[in-house]
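# Let's see this in three dimensions:
(one chain, ligands or ions: 1)
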Amino acid sequence: MTDLVTRTLRPEELRTANALFRAALHAKPISDEEWPAAERAYQPERNLGVFDSGTGELLGTARSTDADLTVPGGAAVPLAAVTGVGVRADRTRRGVLTELMRAQFDELAGRGVTAATLYATEGAIYGRFGYGVATLSRSLTVRKARARFRPEVPSGGECELLDLDTALERLPGIYADLPRQPGMMARSSYWWRSMWIALRQASEPVVTVVHHGPRGADGFAQYRVVGRQPGFSGTMRLLGLHAGNAEALAGLWRFLLGVDLVDEITAEGRPLGEPVELLFTDPRACEVTGTGDETWLRLVDVPAALAARAWEGEPLVVEVTDPVLEHNTGRFRVGRDGVERTRSSPQLRLGVDALAMTYLGAWRPSALAQVGRAQLAGEGIAERADRLFGTRVAPWCGTFF
Ligand SMILES: CC(=O)SCCNC(=O)CCNC(=O)[C@H](O)C(C)(C)COP(=O)(O)OP(=O)(O)OC[C@H]1O[C@@H](n2cnc3c(N)ncnc32)[C@H](O)[C@@H]1OP(=O)(O)O
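Residues are numbered from 1 along each chain as shown. Reported below is the predicted structural model:
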């Protein structure tokens with residue numbers, strides 16, 4: 001096997017990296033016209049390449065942008081949003097991704113980043129590197145003909161349509177002011193630039209609607225309508241919806257279901273705990289068409305991550321094993337009063353990937369123990385562990401990248 005050279009990409013190498021990633025996803029290269037905007041979505045110094053030391057050719061790439069992650073209790077920790085991972089098809093399964101992951105973790109640990117998150121193309125790729133499914137989401141189809149709002153559902157507020165340019169100017173501020181649930185992340189200027197490109201390239205017009213409550217903008221949704229033939233209705237695809245309160249959730253759904261020439265609304269990546277079906281007299285107006293992993297989380301700095309989130313109930317000694325980032329391996333006494341390293345016998349043992357799965361509250365420790373992903377020692381420890389890691393709402397990211 002040829003030697004690999006791994007380093008941060010220079011600005012003039014980003015387009016080659018972009019083409020490599022797109023080819024890995026079976027997409028055609030970006031055009032000359034599109035590239036200047038796409039380049040602005042790359043955060044400098046966060047772009048890695050693996051090169052063939054002999055030929056100097058780029059074999060694989062990965063990048064990230066800076067963000068922060070809201071954890072149970074409301075604190076936000078430094079986060080890397082990892083994307084753009086691809087390896088040339090003629091060089092896969094020779095350790096290029098492994099090398100990219102190693103270099104990226106080194107870089108993140110060196111900058112004091114607590115965690116990394118990503119959306120995975122396939123479920124079998126990232127677990128070996130210590131990532132675990134940390135937020136789940138569901139897909140919905142709401143049939144307009146059956147969707148009648150129950151009388152007690154909140155009403156009030158106003159909806160305002162924005163054109164795309166105005167939306168891209170105002171949405172960053174509106175999103176930043178919305179309350180965050182565990183799993184949500186800050187949206188960087190780089191993220192908004194990627195969004196700008198995606199929305200501009202959409203084959204149908206993208207509509208943005210902002211909900212205004214008594215204290216100003218408190219939610220927004222974006223959609224496009226597909227499959228509409230002249231004289232027929234189409235399907236509304238919800239591209240995103242963020243509601244800061246119950247009135248905004250109801251107000252946005254009332255607006256969406258009032259749009260003409262639409263038979264049904266489909267939505268992907270919605271939070272598990274979002275009570276859309278409960279808005280309607282017939283809850284089956286909203287069909288859940290799928291559930292699955294949303295984001296994968298990698299705790300780069302386990303002590304910092306444990307110290308950042310809120311805990312419930314009695315403390316436990318948790319033993320974490322991290323074969324990739326050895327500094328995370330250890331025993332921690334975790335409880336409401338804080339987190340400290342300890343030599344006491346562990347009551348809960350799990351790998352760093354399983355810790356990521358329970359860290360935001362997506363999976364209970366007892367569920368992980370049922371499938372051998374965690375070990376619980378002693379009477380009543382399952383209940384205590386579930387209480388310790390439990391959260392009031394299911395975690396959700398809601399920011400695709
Ligand atoms: C966050 C994002 O950007 S998600 C996008 C991910 N990219 C893609 O899906 C694009 C298409 N795929 C690719 O570019 C590549 O196949 C990658 C990036 C998924 C993997 O790169 P590779 O260089 O082949 O990975 P590498 O050789 O380091 O593999 C490490 C291990 O993971 C395994 N592995 C890698 N990819 C996969 C996969 N898709 N499914 C199952 N196992 C995999 C390898 O078999 C290897 O296992 P081993 O250690 O037991 O031998």
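# just checking, what packs against the host helix or strand of residue 117?
For residue 117, the host element (DSSP states H and E) is strand 115-118. With contacts taken as 3 or more Cβ pairs under 8 Å, 6 or more residues apart in numbering; DSSP states H and E, strand 115-118 sits against strand 58-70, strand 76-87, helix 96-110, strand 296-299. Every residue, glycine included, has its C-beta placed from N, CA and C.
# Tell me which of those sits most buried.
Ranked by mean neighbour count, these are led by strand 296-299 with a mean of 27 (mean count of other Cβ atoms under 10 Å).
# So what are the sheet partners of that one and their directions?
When sheet partners are counted by DSSP bridges, strand 296-299 sits next to strand 115-118 (antiparallel), strand 132-133 (antiparallel).
# next helix or strand past that strand?
Counting by DSSP H and E, what follows strand 296-299 is helix 302-308.
# C-alpha coordinates for the helix or strand bottoming out on mean pLDDT in the chain, PDB please?
Counting by mean pLDDT, DSSP states H and E, the chain has its least confident helix or strand at helix 189-201, which shows a mean of 91. Written as PDB, here are the backbone C-alpha positions of helix 189-201 (Å, rounded to 0.1, in the frame of the first residue of the first chain):
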ATOM      1  CA  SER A 189     -22.500  31.600   8.800                       C
ATOM      2  CA  TYR A 190     -21.000  28.700   6.900                       C
ATOM      3  CA  TRP A 191     -24.100  26.600   7.500                       C
ATOM      4  CA  TRP A 192     -26.300  29.400   6.300                       C
ATOM      5  CA  ARG A 193     -24.200  29.800   3.100                       C
ATOM      6  CA  SER A 194     -24.700  26.100   2.400                       C
ATOM      7  CA  MET A 195     -28.400  26.500   3.000                       C
ATOM      8  CA  TRP A 196     -28.500  29.500   0.600                       C
ATOM      9  CA  ILE A 197     -26.900  27.300  -2.200                       C
ATOM     10  CA  ALA A 198     -29.300  24.400  -1.600                       C
ATOM     11  CA  LEU A 199     -32.400  26.600  -1.600                       C
ATOM     12  CA  ARG A 200     -31.300  28.500  -4.700                       C
ATOM     13  CA  GLN A 201     -30.700  25.200  -6.500                       C
END
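# List the contacts of that helix.
Applying Cβ atoms under 8 Å, 6 or more residues apart in numbering, the external contacts of helix 189-201 come out as 34, 37-38, 40-43, 65, 67, 81, 164, 168, 171-172, 206, 222, 239, 399, 401.
# does the ligand sit close to that helix?
No: Helix 189-201 stays clear of the ligand (Cβ under 6 Å from any ligand atom), getting no nearer than 12.5 Å.
# For that helix, list every residue counted as buried.
Neighbour counts over helix 189-201 (16 or more other Cβ atoms under 10 Å) mark 190, 191, 193, 194, 195, 196, 199 as buried.
# domains for the chain, by residue range?
Recorded structural domains for the chain (assignment: automatic domain parsing) are 4-113, 137-292, 300-389.
# if you compare the ones you listed, which one is most tucked away?
The highest mean neighbour count among those, using mean count of other Cβ under 10 Å, belongs to domain 300-389: a mean of 19.
# How many residues are close by residue 130?
By other Cβ atoms under 10 Å, 27 other residues sit near residue 130.
# How is the residue nearest to residue 382 when sequence neighbours are not counted assigned, secondary-structure-wise?
Once flanking residues are discounted, residue 382 sits nearest to residue 366: 4.2 Å by Cβ to Cβ, 6 or more residues apart in numbering. Secondary structure for residue 366, judged by DSSP: H, G, I helix; E, B strand; the rest coil, is helix.
# so the residue in the stretch 201-350 of the chain that the ligand sits nearest to bridges to which residues?
Using Cβ to the nearest ligand atom, the closest approach of the stretch 201-350 of the chain to the ligand is made by residue 296 at 8.1 Å. With DSSP bridges applied, residue 296 shows beta-bridge pairing to residue 118, residue 133.
# My guess is residue 180 contacts residue 68. True?
No: using Cβ atoms under 8 Å, residue 180 makes no contact with residue 68, being 9.5 Å away.
# Once you drop chain neighbours, what's closest to residue 107?
residue 48 (7.5 Å).
# thinking again about what came up before, spell out which residues are contacts of both of residue 180 and residue 68.
Jointly contacting residue 180 and residue 68 under the rule Cβ under 8 Å, 6+ apart are residue 76.
# Do the strand holding residue 117 and the ligand come into contact?
Yes: counting by Cβ under 6 Å from any ligand atom, the ligand has neighbours in strand 115-118: residue 118.
# so what's the residue lying farthest from the centre of the chain scoring on pLDDT?
Most distant residue from the mean C-alpha position of the chain: residue 231, 38.4 Å away (Cα atoms, centre = their mean). Looking at residue 231, its pLDDT reads 77.
# ditto for the one 5 residues further on
At residue 236, the pLDDT value in this model is 97.
# That one: helix or strand, and which one exactly?
Residue 236 is part of strand 234-243, with elements assigned from DSSP H and E.
# tilt between the following helix or strand past that strand and strand 234-243?
Of the helices and strands lying after strand 234-243 in sequence (DSSP H and E), the nearest is helix 246-257. Relative orientation of helix 246-257 versus strand 234-243 (axes from the mean of the first three to the mean of the last three Cα atoms, to 10 degrees): 170 degrees.
# Okay, now the unreliable bits of this protein?
Scanning the chain for pLDDT under 70 picks out 1-2.
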